[in-house]
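# Quick one: sequence plus predicted model below, questions after.
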Amino acid sequence: MAFGKGCHLHLIDGSAYIFRAYHALPPLTRKSDGLPIGAVSGFCNMLQRYIDGNSGADAPTHVAVVFDKGSHTFRNELFEDYKANREAMPEDLRPQIPLTRRATEAFNIACKEIEGYEADDIIATLACQAREAGGRVTILSSDKDLMQLVGDGVEMLDPMKNRRIDRDGVVEKFGVPPERVVDVQALAGDSVDNVPGAPGIGIKTAALLINEFGSLEELLDRAEEIPQPKRRETLTTMRAQIELSKKLVMLDCETPLDFTLDDLEVRDPDPDKLMPFLAEMEFRTLTKRVAEALGVEPPAIPDTTPEGANPDDSTAEAPPIRPEAYETVRDARALQDWIAQAQDRGWVAVDTETTGLNEMTCDLVGISLCVEVGRACYVPLTHRAAATDDLFGSDDLADGQMKLDEALALIKPLLEDPAVMKIGQNMKYDAKVLARYGIDIAPIDDTMLMSYAMNAGLHGHGMDTLAERYLSHTPIPIKDLLGSGKAQVTFDRVPVDEATRYAAEDADITLRLWQMFKPQLHRTQVTRVYEGLERPLVPVLAQMERAGIRVDRDALSRMSNAFSQKMAGLEAEIHELAGETFNVGSPKQLGEILFDKMGIEGGKKGKTGAYATGADVLEDLATEHELPRKVLDWRQLSKLKSTYTDALQEHINPDTHRVHTSYSIAGANTGRLASTDPNLQNIPVRTEEGRRIREAFVAEPGKVLVSLDYSQIELRILAHMAGIDALKQAFREGHDIHALTASEMFNVPLDQMTPDVRRQAKAINFGVIYGISGFGLARNLRIPRAEAQGFIDRYFERFPGIKTYMDDTVAFAKEHGHVETLFGRKIHTPEIGAKGPRAGFAWRAAINAPIQGTAADIIRRAMIRMPDAIDGLPAKMLLQVHDELLFEVETGAVDDLIGVARDIMEGAADPVVKLDVPLVVDAGQGANWAEAH
DNA sequence: CTAGAGCGCTCG
DNA sequence: GTACGAGCGCTCTAGC
C-alpha cells in the first residue's frame, strides 16, 4: 500500500530504546560464549511488547525503527563541541549495537539509519513527508528534542510512561507551541548535548520571552526593549551563539533518504528469520513466548550451563509507579503481614518520615516499607489530628494510627534482623533517627551510596535525581505536602492519605533503584569500593555524629561581644576615611568607594560588572592606603562572628549541650567527606584570633581531646603514585620534604636553607598536587608569571616522573572518562574533552582527584576499623577533618588511645595497597581543640 | 517575603 | 581565565 491519507506511521527512536534497555538491565551474557547481550535482550523484549500492543483498531500501517549512525554529524561542522560532553559508549554495549539492527530486521520491521545523521533528523524528515502525504504519525520516544515535530497529525508517545503528547502536552512542557520549541531550546541551551544557548536563561525564562516577542528572531531584533539589564545584555552580546544554538537544535527535515515511506509498510514477522535469531541469542523465555504467539514450534536452545540458575532474558518490565495503590497500615495485624513478607524475601526497602531534617532533634512521624516493586505501605505513627479551627493545628494525634511503642516493638526485630537486608536512600539519616528510638538498624544497603560509588562526578545522587534519571519518574515533591517559606508545616501535620502516597512512593522508588544498581555495581567493578569504603562508614559516622562535641557557649558569647565592639570601632574609622557611611559588608559598595569615589587606580571588574574586592586585591592596596587594611581587619572579625561565634551557638543541641555535625558521604566527588550543619571541617586555625574559636571546642570534665593527623599524606601519595624515588627516599628517611625540594631545585645545601626558599618550594609541592599552572603559582607566590613558569620547568626537570604522572593521568581520563584512586574508587571526568578554559579546569581536577581521593580512602579505612580497635577504651571518635581524627578520651587512657589509633591510621592502606612510603601520624592532646591540634 | 546567584572567606 | 576539594553567611536581584 502506498503511503497516503488514512495511513498511520509509527517512528521508533531505536537508539533511545537501546540505552534504555542497557541501563535498565543487569549485565546479561550469552551462556555459551559470554557475549554481552543485556541490551539486545531488553530491546527484543520491547519490540515484542510493541508488536503485541499494536494489533488493535489504531494499528499502524507503516513503521520504522530509526537509529543514529556515526558520531560526527553536520552539527559538528557548525559547532565543534556539539555533544562533546557525551560519555564514551560502555565497552559491553558496543558489540550489541549491530545486534540490535539484526534484531529489528529479524522482527521484520524496517530498520533505518543514515551515515552522519542523528535518528532525530531521519524521524523529522519522515514525519514531514508523512504529514504532507496526508497521513498520521506517532513518534515513540521520550526525547524532548522531538517535541518540535508535534502537531497537525503528529503525536508523540512516551513508551515508558505510556503517555501521549500532543500540542497541549508540548505547551505544558515548554510553555510554547511546538513550532516555537526550537526558539526556546536555542535560548535555554542543553547541557547534555552541549548546546550553549544563552547563559542564565532556562526554559521558563525562554518561554516567557518568546511568548512576549512572538519569535526568537523578533526577540533578538528587539532585544533593546528588554527591561532587565542583565538579560538585555546577554541577548545582545550573545546573539551569534544563540543563533548557532538554534541551528543545532533545529531538526533537519531534508535528510537525504535512500528509501521512501512506502518501504516502511508493516509486515508480519517471519518465523523463519525471527526464531533462528532469538535462538542464536539464546533468549529462552522470549523464544518460547514468540513461538507461541506465532504458532510455531520453538527451536531447541542447548543449555550450556549445568546450574541453569542464572536468569536469562527474564526482563519483565517493572510495573508503573502508582502512589494511589499504596497501603496505609493502621493496625498490628496488617503490620505483621508486611513484616512477614519482608522476612520471607530477605530484604525490604525502608524510609522514615520525621518532623524535620535534623536527625538529632526531629521526631519520628511514620515508616514506609516496600517488599516488591509497586507494592509498598506506610505506617503512620504520630500524625496530628486535623485543625479544629482556622488558626491552629491540634496537638492531638490523629485517629487510625498504631501506637508508636507498639509499632516499634513489632518492627524492631525486622530492622535488626541480620537475615533481612534493609534498603534505603541515605540510610545514615534513618539509622540516626531510629537509634534515638532504640533501634539499631542492620544490615543495610544504600542506593545513594551505590550511585555515588558508580557515578561520582557524573551526576547527583539524591533520590529525585536518581528517580528522574533511572526511572524517568518525578517523585511527589515534598513541597506539595509541606508548603514552603513561612507557611511551611511539619510532616506530622500532613494528612495520612497524602503522607502514604508520598512516603510509600519513596520506599518503592528506593527498591526499584536498588534492583537496578545491585548488578551494575559488579558491572562497573566498584563492589569493593561500595562494600568496603562507603557502606561500612554509615554506622561509624552515625555514631560520631550522635556523639557530637562539647562547645563552650559562654566563651563563644564573650568573643562575639568583643568582636562586635572592635567591628564598631573599625566601621567608624572606615566611614571616616571614606567620607561617608556605607555598608562595609557589601563588596559592591566598597568597590565603588575605593575605585570610583576615592579614585584608586587598578580596579578590575568581574563578569557581573562589580569591582573585585577580594583579600588579595585589598592586600595590594593596603601598601598605599589606610582604608583597605581596616576593611580586611573588619572582614576577619565579621567572618569569625557571623560564621563561628554566632552561628555555632545556634547549633548547640539543648538536650546534649553538644554540637552535632552531619557528614555527607556522597558529597565530594573525590571521596572526601563533607561536613554540614554546621561545617566543623573549616573551624579557624591559621590565625591567632581564629584559634580562639577552637578553644571553645572542649572535652568533658575528666576527659581530654586527642587529635591525630596524617603528616603530608597527599605528598606521600604523590611520591608513591608517580614513583619519584628521591621523594620516596626522603619520606622513608624522615626528611623535611619542602626543604629537600628547595635544595634540589635551587641548589641550596640543606644546612643553608632559608625560610623563604623553603616557602617557595612548599608552594610548588602543593601546586603539583593541584595540577600546577604558571599562572596559579605566580599568583600564589606573588611573583611574575615567567618566573613561576621557570620554577615549574625546573621542578619537572628534576622530577621527570611528575610530568609523566600528570600526562598519563589526563590521558587515562580521556580514554576512560574517569580516573581512579589506588583503592579502585572511580571519579568521573565528563568535562575532560572540553575545549577552551574548561579544559584546564578538567585537567587539573583529573590530576588532583586520584591523590586527594586516595588520601580520603585511607582515612576512611582507618575510621571503619576504629570502633572495633578502640572498643575496650573509654574513648569516642568525634570528628574527621580530611587528614585528622579527633577523639574524646578519659584522662587516664590517653596514651593507650594514641597507641591504638595511630597503629590503625598508619596501617590503614594495608593490606590492599603496599605503599612505597610510610604513613606518619602526629598526635596531640589538650583540654580543648586548639591545644590538641 | 523568598529563592537563587555571586562574592568572599574558612578549612584540608 | 586558572591553582584541587568543600560549606556557609552576607548582599543583591528578580519575581511572587
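Received it, and whenever you're ready, just let me know what you need.
# what's near enough to touch A:Thr474?
A:Asp464, A:Ala467, A:Glu468 (C-beta atoms under 8 Å, 6 or more residues apart in numbering). C-beta here means a position set from N, CA and C on the backbone, and glycine is covered the same way.
# Please enumerate the helices of the stretch 451-600 of chain A.
Using DSSP state H, counting those that start in this stretch, the helices of the stretch 451-600 of chain A run over A:463-471, A:478-482, A:496-523, A:527-529, A:537-547, A:553-578, A:587-591.
# Quick one: closest of those to DNA strand C.
Closest to DNA strand C of the helices of the stretch 451-600 of chain A, according to C-beta to the nearest atom of the strand: helix A:587-591, at 4.6 Å.
# I would like the residues contacting the closest one, please.
By C-beta under 8 Å, 6+ apart, helix A:587-591 touches A:Phe582, A:Asn583, A:Val584, A:Gly603, A:Ala610, A:Tyr611, A:Ala612, A:Thr613, A:Val631.
# Pick the one among the residues you listed closest to DNA strand B.
A:Thr613 (3.7 Å).
# The helix or strand encompassing A:Leu648 and DNA strand B in contact?
In the assignment (DSSP states H and E), A:Leu648 maps to helix A:647-650. No: using C-beta under 7 Å from any atom of the strand, helix A:647-650 stays clear of DNA strand B, coming no nearer than 11.3 Å.
# ok, is that helix in contact with DNA strand C or not?
Yes: using C-beta under 7 Å from any atom of the strand, helix A:647-650 comes into contact with DNA strand C via A:Ala647.
# What residues sit buried inside that helix?
For helix A:647-650, burial by neighbour count (16 or more other C-beta atoms under 10 Å) applies to A:Leu648, A:Gln649.
# I'd like the contacts of A:Thr474 as CSV, with pLDDT and distance to A:Leu335 appended.
As requested, the contacts of A:Thr474 are exported to CSV (pLDDT from 0 to 100; distance: C-beta to C-beta, whole Å):
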residue, pLDDT, distance to A:Leu335
A:Asp464, 94, 28
A:Ala467, 94, 26
A:Glu468, 90, 32
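# circling back to that earlier point, buried ones among the contacts of helix A:587-591?
A:Phe582, A:Val584, A:Gly603, A:Tyr611, A:Thr613, A:Val631.
# And for stretch A:265-280, what's in contact with it?
With C-beta under 8 Å, 6+ apart as the criterion, stretch A:265-280 contacts A:1, A:3, A:44, A:51, A:59-63, A:102-103, A:105-109, A:286-287, A:290-291, A:294, A:296, A:298-301.
# quick one, what contacts A:Lys144?
So A:Lys144 contacts A:Lys173, A:Phe174 (C-beta under 8 Å, 6+ apart).
# cool, and the one 4 residues further on?
Neighbouring residues of A:Gln148 by C-beta under 8 Å, 6+ apart: A:Pro178, A:Glu179, A:Val181, A:Val182, A:Gln185, A:Val249, A:Met250, A:Leu251.
# Closest to DNA strand B out of those residues?
Closest to DNA strand B, out of all of the contacts of A:Gln148 and judged by C-beta to the nearest atom of the strand, is A:Gln185, at 18.8 Å.
# how near is that closest one to A:Arg528?
42 Å (C-beta to C-beta, to the nearest Å).
# cool, A:Asp221 as well?
A:Asp221 is 59 Å from A:Arg528, by C-beta to C-beta.
# ok, the residue of chain A found nearest DNA strand C - how many residues close by?
Residue nearest to DNA strand C within chain A: A:Gly767 (2.1 Å; C-beta to the nearest atom of the strand). Residues contacting A:Gly767 under the criterion other C-beta atoms under 10 Å number 20.
# From what I see, it and A:Asn780 are in contact.
Yes: A:Gly767 lies in contact with A:Asn780 (C-beta atoms under 8 Å); the separation is 7.1 Å.
# Next up, the contacts around A:Ala385.
Counted by C-beta under 8 Å, 6+ apart, A:Ala385 has contacts A:Ser394, A:Asp396, A:Leu397, A:Ala398, A:Asp399.
# Name only those of the contacts of stretch A:265-280 that count as buried.
Judged by 16+ other C-beta under 10 Å, buried ones among the contacts of stretch A:265-280: A:3, A:44, A:51, A:60-63, A:103, A:105-109, A:286-287, A:290-291, A:298, A:301.
# Among the residues you listed, which lie within helices?
Members of these lying in helices (criterion: DSSP state H): A:Cys44, A:Ile51, A:Ala103, A:Glu105, A:Ala106, A:Leu286, A:Thr287, A:Val290, A:Ala291.
# Now render those residues as CSV, adding pLDDT.
As requested, those are arranged in CSV below (pLDDT from 0 to 100):
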residue, pLDDT
A:Cys44, 93
A:Ile51, 89
A:Ala103, 95
A:Glu105, 94
A:Ala106, 94
A:Leu286, 91
A:Thr287, 92
A:Val290, 91
A:Ala291, 91
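# Now the two most distant members of these.
The largest separation in these, counting by C-beta to C-beta, is between A:Glu105 and A:Ala291 at 18.6 Å.
# The stretch 101-250 of chain A: strands as residue ranges?
A:110-112, A:136-140, A:154-158, A:163-165 (DSSP state E, counting those that start in this stretch).
# quick one: the residue nearest the centre of chain A from DNA strand B, how far?
Per C-alpha atoms, centre = their mean, the C-alpha nearest to the average position across chain A is that of A:Gly460, at 1.9 Å. When distance is defined by C-beta to the nearest atom of the strand, to the nearest Å, A:Gly460 is 14 Å away from DNA strand B.
# close enough to count as contact, A:Ala318 and A:Tyr470?
No: A:Ala318 is beyond contact range of A:Tyr470, at 10.8 Å (criterion: C-beta under 8 Å).
# Now the common contact residues for the two.
A:Arg512.
# Which residue ranges of the stretch 151-300 of chain A form helices?
A:167-174, A:181-188, A:203-213, A:216-221, A:229-237, A:239-249, A:271-281, A:284-294.
# Alpha carbons only: can I get stretch A:122-141 in PDB?
Taking Å, rounded to 0.1, in the frame of the first residue of the first chain, the C-alpha atoms of stretch A:122-141 are listed here in PDB:
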ATOM      1  CA  ILE A 122      15.500  11.000  10.000                       C
ATOM      2  CA  ILE A 123      12.400  10.900  12.200                       C
ATOM      3  CA  ALA A 124      11.800  14.600  11.400                       C
ATOM      4  CA  THR A 125      12.200  14.000   7.700                       C
ATOM      5  CA  LEU A 126       9.800  11.000   7.700                       C
ATOM      6  CA  ALA A 127       7.300  12.800   9.800                       C
ATOM      7  CA  CYS A 128       7.300  15.800   7.400                       C
ATOM      8  CA  GLN A 129       6.800  13.600   4.400                       C
ATOM      9  CA  ALA A 130       4.100  11.600   6.100                       C
ATOM     10  CA  ARG A 131       2.200  14.700   7.100                       C
ATOM     11  CA  GLU A 132       2.400  16.100   3.600                       C
ATOM     12  CA  ALA A 133       1.100  12.900   2.200                       C
ATOM     13  CA  GLY A 134      -1.900  13.300   4.500                       C
ATOM     14  CA  GLY A 135      -1.100  10.500   6.900                       C
ATOM     15  CA  ARG A 136      -0.900  10.400  10.700                       C
ATOM     16  CA  VAL A 137       2.400  10.000  12.600                       C
ATOM     17  CA  THR A 138       3.200   8.700  16.100                       C
ATOM     18  CA  ILE A 139       6.700   9.100  17.300                       C
ATOM     19  CA  LEU A 140       7.600   6.600  20.000                       C
ATOM     20  CA  SER A 141      10.200   8.400  22.100                       C
END
